[in-house]
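> Whatever this is, show me its structure:
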Amino acid sequence: MKILSTFFTAFILFASFTPVNTGYSVGDKAIDFKLKNIDDKMVSMADFATAKGFIVVFTCNHCPFAVKYEDRIIALDKKYAKLGYPVIAINPNDPVLAPTDDFESMKVRAKKKKFTFPYLLDATQEIASAYGAIKTPHVFVLQKSDADLIVKYIGAIDDNTEDAKLAKEKYVETAVDALLAGKPVPVTFTKAIGCGIKWKQS
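Predicted coordinates:
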């Protein structure tokens, strides 16, 4: 009976398991998207004709880690947008599970913080799933290569969630600086530190 019980439990667990899309690895071609911005206009990476690449950040309003990184995300855009690598922020959270991450709250937050970049809503969560984002914040640095968008870095913004001034490794800056200089990115992957994305419940 014990063997049958163990087998039955294992079968139930297996039957209820849903495979998770692991998303992109460094070197993969990323898909573009067309998502609603806080100004109610649809935004795509194709809209940035002169960009050399992008700093795509999956983030949100409520996560304390995302909040701590907001000023650093703004600083990245101010530094690199004019050099060809603008920030595009995407909120992937289900507002049913995270009410303060709803679209109207995104508008309020962006206005309060004076975001200099698009802040897009991934309402279906298809883009976060395709990219393999699991945290907020979670960064994907992309480089244009002809008509393709190549993933060059995935992970954290830096190595200190508490204080930007104490960060010893600024992973995103190092990656973009290397790309601008035509050099290989020295660190292509780090573990994203933040809140888990609030996925829709089926």
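> what bits of the protein have low per-residue confidence?
Of all residues in the chain, those with pLDDT under 70 make up the ranges 1-21.
> in the longest helix anywhere in the chain, what counts as buried?
For the chain, the longest helix by residue count, based on DSSP state H, is helix 64-80. Judged by neighbour count using 16 or more other C-beta atoms under 10 Å, the buried positions of helix 64-80 are 65-70, 72-77, 80. Bear in mind the C-beta positions are built from the backbone N, C-alpha and C, glycine included.
> Now do that helix: which elements does it pack against?
strand 53-58, strand 87-91, helix 103-113, strand 135-136, helix 171-180, strand 195-196 (3 or more C-beta pairs under 8 Å, 6 or more residues apart in numbering; DSSP states H and E).
> Serialize those to a markdown table and add fields for mean neighbour count.
Formatted as a markdown table, those follow (neighbours: other C-beta atoms under 10 Å):
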| stretch | mean neighbour count |
| --- | --- |
| strand 53-58 | 26 |
| strand 87-91 | 26 |
| helix 103-113 | 15 |
| strand 135-136 | 26 |
| helix 171-180 | 21 |
| strand 195-196 | 14 |
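> any chance of those in JSON lines, with distance to Ser202 too?
Shown next, in JSON lines, are the helices and strands packed on helix 64-80 (distance: least, C-beta to C-beta, whole Å):
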{"stretch": "strand 53-58", "distance to Ser202": "21"}
{"stretch": "strand 87-91", "distance to Ser202": "20"}
{"stretch": "helix 103-113", "distance to Ser202": "22"}
{"stretch": "strand 135-136", "distance to Ser202": "21"}
{"stretch": "helix 171-180", "distance to Ser202": "33"}
{"stretch": "strand 195-196", "distance to Ser202": "17"}
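> Of those, which is nearest Leu97?
For those, the distance to Leu97 is smallest for strand 195-196, at 10.5 Å, taking C-beta to C-beta.
> The closest one - contacts with which helices or strands?
helix 64-80, strand 135-136.
> After the shortest one, heading C-terminal, what element do we hit next?
Right, strand 135-136. Later in the chain than strand 135-136, the nearest helix or strand by DSSP states H and E is strand 138-145.
> and that following strand, how far out from the chain's middle?
Mean-position distance between strand 138-145 and its chain equals 10 Å (C-alpha atoms, centre = their mean, to the nearest Å).
> from the middle of its chain, how far away would the helix or strand just after that strand be?
Note on strand 138-145: by DSSP H and E, the next helix or strand toward the C-terminus is strand 148-155. The chain centroid and the centroid of strand 148-155 are separated by 11 Å under C-alpha atoms, centre = their mean.
> Also compute the angle for strand 148-155 relative to helix 171-180, please.
In terms of direction (axes from the mean of the first three to the mean of the last three C-alpha atoms, to 10 degrees), strand 148-155 departs from helix 171-180 by 150 degrees.
> May I see the helices and strands packed on strand 195-196 arranged in JSON lines, with distance to Phe103 as well?
Formatted as JSON lines, the helices and strands packed on strand 195-196 follow (distance: least, C-beta to C-beta, whole Å):
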{"stretch": "helix 64-80", "distance to Phe103": "16"}
{"stretch": "strand 135-136", "distance to Phe103": "16"}
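> Among those, which comes closest to Thr22?
Minimum separation from Thr22 across the helices and strands packed on strand 195-196 (C-beta to C-beta) falls at strand 135-136, 14.2 Å.
> Nice, that's everything, thank you.
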